[in-house]
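Asker: compute the structure for the input listed below.
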Amino acid sequence: METTSRDQVVRELLEAVVTLVRQWNSDTTQLAYARELGFDVSANDVRALYSMGIAGGELRPAECATHLGLTRPTTSKLLARLEAASLVERTRSSLDGRSIVVSLTEAGAAMYAALVEAGVDRVAQATKEMTSAEIAQVLAVASNLVQGLSD
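Answerer: Next comes the predicted model:
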């Protein structure tokens, strides 16, 4: 007989996922990475750069608001701040010339790349006791979980 029920393990997995996301997305974590790299931006700015970078470098403002869980007016102020810092620019969509997208500038793309490298370094440190095969197994399980939650 199983000592831990599947329901209990699933609950513990949910707690682990929530904790992981909360820690990664915390203002403290995001600001620490940005400050280590010499970037003077807010935690929401960092999250916006991540969202745009992951999306291929551009998002519609409404998509950005959805990704960040912010209101459209708050997102508009955030994007204006990033635009003033020359990290993003508003352009016409390459897919639909009628709509406006916010795109990473060269400086914004460089900041995104630096943030990703800092994140990779943190994950490498967190997994330093794991083999490549174990890391690949975690990746496969995490990918399956993301896919299952997306369905």
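
Asker: where does Arg22 land in three-state SS?
Answerer: Assigned state for Arg22: helix (three-state reduction, DSSP: H, G, I helix; E, B strand; the rest coil).

Asker: how close does it get to Asp45?
Answerer: 19 Å (CB to CB, to the nearest Å). (C-beta placed from N, C-alpha, C; glycine too.)

Asker: what's the answer for Leu145, then?
Answerer: Distance of Leu145 to Asp45, given as CB to CB: 28 Å.

Asker: give me the more crowded residue out of the two.
Answerer: Asp45 (23 against 12; other CB atoms under 10 Å).

Asker: was I right to think that one contacts Leu79?
Answerer: No - taking CB atoms under 8 Å as the contact criterion, Asp45 and Leu79 are not neighbours in contact, 9.6 Å apart.

Asker: so where does the residue most central in space within the chain fall, helix or strand?
Answerer: With distances taken as CA atoms, centre = their mean, Tyr50 lies nearest the centre of the chain, 4.5 Å away. Secondary structure from DSSP states H and E places Tyr50 in helix 43-54.

Asker: what lines up beside the next helix or strand after that helix in the sheet?
Answerer: Next in sequence after helix 43-54, counting helices and strands by DSSP H and E, comes strand 58-59. Take DSSP bridges as the rule and strand 58-59 pairs in its sheet with strand 100-104 (antiparallel).
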